[in-house]
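Asks: sequence-free structure coming up:
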């Protein structure tokens, strides 16, 4: 027997290990319920996002009330949505309806309607990550966001669609239901909303996904199925 046949070739490269979370079956399945630690993390994320949306909608507005010119809360909301699965809709609605709506001074019916905007901005990012991330070979909770493939996926699935569609929808509510945004200024404020949110999500969201994502996952706080 030729001994050389049993030896690996020197020019063979070792296989690249898969990211740890690709071994976890992140999905939208309905199975079981969340642990106490997960519920605490979700409640904390909801509180943080509500406080941030209130701050942005109250103190960081331009010429139009409620419409924040520096809505940095979105940079936190997107990672929360990706980490916590179906609870993203709870975090999104409470955070926007209460923080950027009721506490920011919108009438209650408008605030409750306005809360649905973040169902798009956060919910769409979560759904696209849960449905497509592993199919395209990227980390399902965005830990590889600083790699070329991970960044492109983050841009196309978590940054652009939700912020563009959410900006159009949110400004439409403020035009039709309130006198806050003049109808003639709709496209200007849509651009302002979407462009600023895109930049803030790219900067803040990517840093949080890369730096805190592994910590949240190792602590067992990420939601693997729809709600547990």
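Replies: It's in. Keep in mind the model is a prediction, meaning the values are calculated, not measured. Residues are numbered from 1 along each chain as shown.

Asks: Show residues contacting the longest helix seen in the chain.
Replies: The single longest helix within the chain, with elements called by DSSP state H, is helix 36-59. Under the criterion C-beta atoms under 8 Å, 6 or more residues apart in numbering, residues 34, 66-68, 70-73, 76-77, 80, 83-84, 87, 90-92, 94-96, 98-100, 103-104, 216, 219-221, 223, 228 lie in contact with helix 36-59. (Glycine included, C-beta is placed from N, CA and C.)

Asks: from those residues, which ones fall inside helices?
Replies: 73, 76-77, 80, 83-84, 87, 90-92, 94, 216.

Asks: can you put the residues you listed in JSON lines and add distance to residue 110 and neighbour count?
Replies: Putting the ones in helices among the contacts of helix 36-59 into JSON lines (distance: C-beta to C-beta, whole Å; neighbours: other C-beta atoms under 10 Å) gives the following:
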{"residue": "73", "distance to residue 110": "19", "neighbour count": "28"}
{"residue": "76", "distance to residue 110": "24", "neighbour count": "21"}
{"residue": "77", "distance to residue 110": "20", "neighbour count": "30"}
{"residue": "80", "distance to residue 110": "24", "neighbour count": "26"}
{"residue": "83", "distance to residue 110": "30", "neighbour count": "27"}
{"residue": "84", "distance to residue 110": "27", "neighbour count": "26"}
{"residue": "87", "distance to residue 110": "25", "neighbour count": "24"}
{"residue": "90", "distance to residue 110": "20", "neighbour count": "16"}
{"residue": "91", "distance to residue 110": "21", "neighbour count": "27"}
{"residue": "92", "distance to residue 110": "17", "neighbour count": "29"}
{"residue": "94", "distance to residue 110": "16", "neighbour count": "18"}
{"residue": "216", "distance to residue 110": "34", "neighbour count": "20"}
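
Asks: I appreciate the help and will end here.
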